[in-house]
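# how would this look folded up:
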Amino acid sequence: MKKKSLLKYIFCYVFFSCNTQEKLTLSLHEIPKVNQDFIGVRGNFNPLSWDKTTFLQKDNDRYTVTINSKEINIKNLEYKYVIDDGNTVTWEQIPNRLIQLDNKNQYIKDVWNKEKIIDINSLNKISVEQLNEDFKILKEAILKIHPGIYRYNDSITLVKNFKKLENKFQKPQTYSETYITISKLISTIKCDHTLASYWNQEPLINAILHKQKNKIPFTFKWVNRKMVVTHSVSNSEKIKMGSTIVAINNIETEKILKELTKYISADGNTMHNRVSKTEVDGYNFRFNSFDVLFPLVFNIKNKIEIELSSGERIKINLLTLEERFEKLTKKYSDFPKSPQDLWDFKIVNKDYAYLKIGSFSTNRFSIDWKSFLKNSFKTLSDNKIKNLIIDIRENQGGMDEASKELEKFLVKKTSIEDQFEGRTRFINFPNNIKKILQNQNAWYYNLREENSIKENSYFIFPKMFAKKPTQNYENSFKGNAYLLTGPKNVSAAFYLAKLFKDHKIGKVIGSETGGNQNGINGGSIIFLKLPNSRINIDMPVAGSFSKDTKYNGGIIPDISIKTSEQTKNNEIDFIIKEIKSNVQ
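Numbering: from 1, shown residues only. Below you'll find the model as predicted:
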């Protein structure tokens, strides 16, 4: 509902124990001009409900109700204010509000439709007993379910890594400490699809990771291990595009990079992929590891001091993710606002065209992406373009359907199956783990043993990850295709690069991808929520395995091309020049 004028009234909702007189007071200010009898609240704790409005009744300057505190049997309370006229319920357009219940009077002042930044330091610590319960669940899930647990680790290494986590959990931990400690363990599995998720978190964890005013006011890339600014909305004009930052809070940026990569998941020994994940692009449709981990690992608040390569030191204010994105899109008119903005097509000259496919997350597109591809390739044919550069450097995967559709325009003839086999660690999914998953009635809960082959600690399903042949379109591209790759390419983007090279669709150019030639763990992902820390863990249930031992890394390009800030303004011309100099 659009605000018109704001009332100056204060509305409150009070809960208190009849025995202890402990009170929780919710105070709502600046309400849209509506009938005050329609103002209410809904939530996840008694006497509130998400399905029924409890209306706020004015008693002088507050609205109160009395209940026994025993009726509130959870610590993390969630709620939202609503306007309910009996026919339509209008909710605040913000994430659920959060309160952590304690044993004292609490007075919470809220403003209608305005999100409040949670004070992380005010949150209770997680007890040793609770941490140990989470540890046992996490350990059992990884050892019994994760398909790639022994890809890059032996039993001795796993025991040592789990022991480190268990030792950390022998004293109470904050939610932030617990998150990064678990992340450090998970990174040792070396699986891109396994992580203490940046997505799918409940509001409390989401607020800690993404809703704090501790995000840097610029975007950057690592160039030869140097932090180079690509966009800036800092309060200091001295930080601008091309600036090199050598230290933050007296810590060298190279040391920051080295430390953060210890907490980041990637497939196998693809350190270049971990490095790329510590870059910041500033998009509001992706989360960057640096934004999540840097504040937690280095205890960053709302200001930092940076040192430029010139030696000058500057103190700058930090922002929330929303503030940074709003400033970036306001300052830079061409700054991407959605995944579809990472798609582009243009004719460069009479011989070359450029197709940018920076995401396969087509489920979030508002455009008809299939028509976009069809029209692009028709334009190539109509203009008799002989050479096509397909830029997927920013592509981190997404929908297999999108990758498959693109392949149909590129393969010269029907491709053959890839030589991968699927493997799981189980036939019958562990019941005690099933109880705490967010996934319900999934296909992998009951795998058919007769379709598998038991070998050592795996159940092998020969056809589970066998990539089906791609049937090309009759009007598929007949010219020279060049796939421009980079370290961000994982999941479906990795598989596209692999197909491109294995079946000689064209030349792979650029730099090594993420992913791993020995296969990756993926397919279906379980969402395991630890009961006490409330942290959600993403974990695959099956993995693709090469039948032969391959290079422990991504797809190596046929032509290595390194772009830089110096080539940015004429990057496509630079790439074409590199292609011509390397192709006879």
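
# can you mark which positions in stretch 152-165 are buried?
Neighbour-count burial for stretch 152-165 flags Tyr152, Asn153, Leu158, Asn161, Phe162, Leu165 (criterion: 16 or more other C-beta atoms under 10 Å). C-beta coordinates here come from the backbone N, C-alpha and C atoms, glycine included.

# who's in contact with that stretch?
135, 139, 143, 149, 181-182, 184-185, 188-190, 268-269 (C-beta atoms under 8 Å, 6 or more residues apart in numbering).

# helices along the stretch 401-550 of the chain, start to end?
Secondary structure of the stretch 401-550 of the chain, counting by DSSP state H, counting those that start in this stretch: helices at 431-434, 492-502.

# just put the ones you listed in JSON lines and tack on distance to Lys413 and mean neighbour count.
Converted to JSON lines, these look like this (distance: least, C-beta to C-beta, whole Å; neighbours: other C-beta atoms under 10 Å):
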{"stretch": "helix 431-434", "distance to Lys413": "44", "mean neighbour count": "12"}
{"stretch": "helix 492-502", "distance to Lys413": "13", "mean neighbour count": "24"}
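
# between those, which one is closest to Glu474.
Between Glu474 and the helices of the stretch 401-550 of the chain, the tightest spacing by C-beta to C-beta is seen for helix 492-502, at 19.6 Å.

# so which elements touch that closest one?
helix 400-408, strand 480-485, strand 507-510 (3 or more C-beta pairs under 8 Å, 6 or more residues apart in numbering; DSSP states H and E).

# note down every partner strand of the shortest one and its orientation.
Strand partners for strand 507-510, identified by DSSP bridges, are recorded as strand 480-485 (parallel), strand 559-560 (parallel).

# which residues of the stretch 1-150 of the chain fall in helices?
Going by DSSP H, counting those that start in this stretch, the stretch 1-150 of the chain shows helices at 128-145.

# so where do the strands sit in it?
Under the criterion DSSP state E, counting those that start in this stretch, strands of the stretch 1-150 of the chain are mapped to 6-7, 11-16, 23-29, 31-32, 39-43, 54-55, 76-84, 89-91, 97-100, 106-111.

# make a markdown table out of the ones you listed and add mean neighbour count and distance to Gly486.
Output for the strands of the stretch 1-150 of the chain, formatted as a markdown table (neighbours: other C-beta atoms under 10 Å; distance: least, C-beta to C-beta, whole Å):
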| stretch | mean neighbour count | distance to Gly486 |
| --- | --- | --- |
| strand 6-7 | 14 | 49 |
| strand 11-16 | 22 | 52 |
| strand 23-29 | 19 | 48 |
| strand 31-32 | 20 | 47 |
| strand 39-43 | 21 | 45 |
| strand 54-55 | 16 | 52 |
| strand 76-84 | 20 | 40 |
| strand 89-91 | 14 | 41 |
| strand 97-100 | 18 | 38 |
| strand 106-111 | 16 | 43 |
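
# ok, now which ones touch Gly479?
Here Gly479 is in contact with Leu380, Ile385, Lys386, Asn387, Leu388 (C-beta under 8 Å, 6+ apart).

# are any of those buried, and which?
Using 16+ other C-beta under 10 Å, the buried members of the contacts of Gly479 are Leu380, Ile385, Asn387, Leu388.

# hmm, which two among these are most spread apart?
Leu380 and Asn387 (9.7 Å).

# shared neighbours, those two?
Ala353, Gly479.

# just to revisit the earlier point, for Asn456, which of the strands of the stretch 1-150 of the chain is the nearest?
strand 76-84 (42.2 Å).

# which residues touch the closest one?
With C-beta under 8 Å, 6+ apart as the test, strand 76-84 has contacts from 1, 26, 28, 32, 34, 38-45, 48, 53, 55, 89-92, 94, 96-101, 110, 112, 202-204, 534.

# buried residues, the strand ranked longest in the chain. List them.
Secondary structure assigned by DSSP state E gives strand 536-546 as the longest strand of the chain. Neighbour-count burial for strand 536-546 flags Asn536, Ile537, Asp538, Met539, Pro540, Val541, Ala542, Gly543, Ser544, Phe545 (criterion: 16+ other C-beta under 10 Å).

# ok, stretch 294-312 next?
Quick answer for stretch 294-312 (16+ other C-beta under 10 Å): Phe294, Pro295, Leu296, Val297, Ile300, Ile304, Ile306, Glu307, Leu308.

# next: stretch 472-489.
472, 476-477, 480-489.

# what's the span of it from first residue to last?
This stretch, stretch 472-489, spans 23 Å end to end (C-alpha to C-alpha, to the nearest Å).

# same deal with stretch 421-433?
End-to-end distance of stretch 421-433 (C-alpha to C-alpha): 25 Å.

# can you list contacts of that stretch?
137, 140-141, 144-147, 149, 442, 444-447, 449, 452, 457-466, 523, 528, 541-545, 547.

# write the ChimeraX selection for whichever of these are buried.
Written as a ChimeraX command, the selection of buried residues from the contacts of stretch 421-433, which uses 16+ other C-beta under 10 Å, is:
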select :137,141,145,146,147,149,444,445,447,452,458,459,460,461,464,465,523,528,541,542,543,544,545
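
# assess the claim that Glu30 and Asp110 are in contact.
No: counting by C-beta atoms under 8 Å, Glu30 does not reach Asp110; the two are 9.2 Å apart.
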